[in-house]
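1. Structure for this input, please:
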Amino acid sequence: FPYSSNVQGVTIEQSGYYLLEVWGAQGGSYNSEYAQGGMGGYSKGYIYLNAGDTLFVHTGGAGSYGTSLNSLSGGGANGGGNAGYRGGAGGGATDIRIGADTLLNRVIVAGGGGGAAVIDNTYKANGGAGGGTYGIDGEIYNANHLAYIGSGGMQIAGGNGGIGISTEYNGNVGVFGIGGNSANRNNVFSNGAGGGGWYGGGGAGNGDSANYAAGGGGGSGFIYTASSQLPADYAVSSDYYLTNASTHAGNTAFIAPNGDTETGHSENGYAKITYVGQNLE
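-> Numbers count the residues shown, from 1 in each chain. Have a look, this model is predicted:
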């Protein structure tokens, strides 16, 4: 399943074990030679599916960036947060849902990366990679301003938004499935937004100068197992627990969709569903 901004549905024709694999999308950057949006994460796991089961695949879109002073960029499809001028939007998560097309029917998620902040080649900050169990925090140009970064999403909550120069310029907290927007001040450069995920990463806050460049947090990944921490209204039966499952942050090495090895997933998200057989070896 290559990237599509629309849901891609599939009905299972043969009962048996399947390997699910998902790769999250990269966060945006105004100039990736200066600072990069966080790379997407990767999750995998085996699941027993029955003939007739309906799956819904959402592939994350890479984050864009703000091109004008008084407008927001669009976050990547499937949960990426928005950013303002020269701020990178969050990358979208990639996930697979069973039974219904809702966030509460996701059984596997790869987190999207947070957006970068690029004011120029001096004042810049990378976005945090998508998760993994936890999304990675955004980076900061000036270590004295750590409170401005967007934090990575977690398993039970979204990443914190960055603290801005005043409360109205705080970044938004990530929420279930959606990354937080970065603070957008008119006529001021923006910072990075949070990536989508099981829980989204937080958007960066905004200051009064280029010295406050800060990246957005990556969204968290998720695999549905007996040890998962779930919302009270989670909608999928335990019959669909994944086995031999793992989730990896985008700052680590893992298999790429083409079978090579990559350190983090760049650009748009991707998904695979592979029939394995009636038994797991």
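
2. So, low pLDDT: which residues of this protein?
-> Across the chain, the ranges flagged by pLDDT under 70 are 186-187.

3. center of it - which residue?
-> When CA atoms, centre = their mean is applied to the chain, the residue found nearest the centroid is residue 112 (1.9 Å).

4. which ones are touching that one?
-> Contact analysis of residue 112 by CB atoms under 8 Å, 6 or more residues apart in numbering lists 24-27, 38, 40-41, 60, 63, 76, 78-80, 90-94, 130, 179, 195-197, 218-219, 269. Every C-beta, even on glycine, is put in place using the N, C-alpha and C of the backbone.

5. you'd agree it is in a helix?
-> No: looking at residue 112 with DSSP: H, G, I helix; E, B strand; the rest coil, it is coil, so not inside a helix.

6. what about it, distance to residue 175?
-> According to CB to CB, to the nearest Å, residue 112 and residue 175 sit 14 Å apart.

7. Also residue 256?
-> Remark: distance between residue 256 and residue 175 (CB to CB) = 30 Å.

8. Strands along the chain, start to end?
-> Along the chain, counting by DSSP state E, strands occupy 8-11, 16-23, 42-49, 54-58, 94-98, 106-110, 117-118, 124-125, 222-223, 243-248, 253-255, 261-263, 270-277.

9. got the end-to-end distance for stretch 115-133?
-> Stretch 115-133 has its terminal residues 19 Å apart, counting by CA to CA, to the nearest Å.

10. swap that for stretch 195-212, sorry
-> End to end - CA to CA - stretch 195-212 spans 20 Å.

11. got the strands of the chain as CSV, with mean neighbour count columns?
-> Shown next, in CSV, are those (neighbours: other CB atoms under 10 Å):
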stretch, mean neighbour count
strand 8-11, 12
strand 16-23, 24
strand 42-49, 23
strand 54-58, 21
strand 94-98, 29
strand 106-110, 30
strand 117-118, 35
strand 124-125, 27
strand 222-223, 28
strand 243-248, 18
strand 253-255, 15
strand 261-263, 13
strand 270-277, 16
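
12. Can you add distance to residue 235 and give those back as JSON lines?
-> Below are the strands of the chain laid out as JSON lines (distance: least, CB to CB, whole Å):
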{"stretch": "strand 8-11", "distance to residue 235": "17"}
{"stretch": "strand 16-23", "distance to residue 235": "17"}
{"stretch": "strand 42-49", "distance to residue 235": "16"}
{"stretch": "strand 54-58", "distance to residue 235": "12"}
{"stretch": "strand 94-98", "distance to residue 235": "9"}
{"stretch": "strand 106-110", "distance to residue 235": "9"}
{"stretch": "strand 117-118", "distance to residue 235": "37"}
{"stretch": "strand 124-125", "distance to residue 235": "38"}
{"stretch": "strand 222-223", "distance to residue 235": "14"}
{"stretch": "strand 243-248", "distance to residue 235": "19"}
{"stretch": "strand 253-255", "distance to residue 235": "28"}
{"stretch": "strand 261-263", "distance to residue 235": "32"}
{"stretch": "strand 270-277", "distance to residue 235": "20"}
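
13. surely residue 47 meets residue 240?
-> Yes: using CB atoms under 8 Å, residue 47 is in contact with residue 240, at 6.0 Å.

14. what touches both of those two?
-> Contact criterion CB under 8 Å, 6+ apart; residues bridging residue 47 and residue 240 by contacting each: residue 107.

15. quick one: residue 6 and residue 56, what's the gap?
-> Note on residue 6: its distance to residue 56, by CB to CB, is 11 Å.

16. Correction: the previous question concerned residue 260.
-> Using CB to CB, one obtains 28 Å as the distance from residue 260 to residue 56.
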